[in-house]
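# give me coordinates for this.
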Amino acid sequence: MNIAVVDNGANLVGFLRMDGAWLGSVDIAMKKAKTAIFFQMNTEVVGSLSQPGGDLFNIEHSNQGLITFPGGIPLLGSNGALAGGVGVSGSSVVNDKIVAEAALEAFKNLV
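Residues are numbered from 1 along each chain as shown. The predicted structure is shown next:
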């Protein structure tokens with residue numbers, strides 16, 4: 001599993017790669033975090049809006065590639081301001097989402 005953390009400007013500020021995690025998931029984790037920042041919503045929501053006929057159809061081809069499935073979540077400060085984002089990749093999509101949500105909860109306890 002790979003976990004990427006970006007600031008509110010989508011700059012990488014933290015990264016963790018578990019031993020044996022897929023190398024291809026490094027880029028996906030970072031892009032999930034950036035996608036969550038760029039659109040200030042979970043990547044799962046972006047995915048639902050980018051389906052054929054959706055308001056954001058084909059958006060995944062913008063911004064040098066976006067990820068439009070679960071595992072990317074924006075992080076909001078206690079004042080509601082966008083503080084950053086987290087992206088998780090390398091397990092099942094369900095597990096990626098669970099870990100990203102756990103990161104959000106941990107972040108909430110910090111602010």
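
# stretch 80-90: how far from the chain's middle?
Here stretch 80-90 is found 5 Å from its chain centre; the criterion is C-alpha atoms, centre = their mean, to the nearest Å.

# ok, longest strand in the chain?
strand 82-89 (DSSP state E).

# which parts of the very next helix or strand once past that one are buried?
Moving toward the C-terminus from strand 82-89, the next helix or strand (DSSP states H and E) is helix 93-110. Residues of helix 93-110 classed as buried: 96, 97, 99, 100, 101, 103, 104, 107 (neighbour count, 16 or more other C-beta atoms under 10 Å). Placement of C-beta: from N, CA and C, glycine included.

# could you find the closest non-adjacent residue to residue 21?
In space, and not counting its chain neighbours, residue 21 is closest to residue 90: 4.5 Å by C-beta to C-beta, 6 or more residues apart in numbering.

# how near is the one you found to residue 78?
30 Å (C-beta to C-beta, to the nearest Å).

# who has more neighbours out of the two?
Higher neighbour count among residue 90 and residue 78: residue 90, with 22 against 9, using other C-beta atoms under 10 Å.

# separation between that one and residue 20?
9 Å.

# next one: residue 53
39 Å.

# check residue 26 too.
13 Å.

# so between those two, which is more surrounded?
Neighbour totals were compared for residue 26 and residue 20, and residue 26 leads with 16 against 7 (other C-beta under 10 Å).

# surely that one is in contact with residue 12?
No: if you go by C-beta atoms under 8 Å, residue 26 and residue 12 don't touch, sitting 10.7 Å apart.

# helix, strand, or coil at residue 33?
Judged by DSSP: H, G, I helix; E, B strand; the rest coil, the three-state class of residue 33 is helix.

# report how many residues lie close to it.
35.

# tell me the bridge partners for the residue positioned nearest the centre of the chain.
With distances taken as C-alpha atoms, centre = their mean, the residue of the chain nearest its centroid is residue 72 (2.0 Å). Using DSSP bridges, the beta-bridge partners of residue 72 come out as residue 87.
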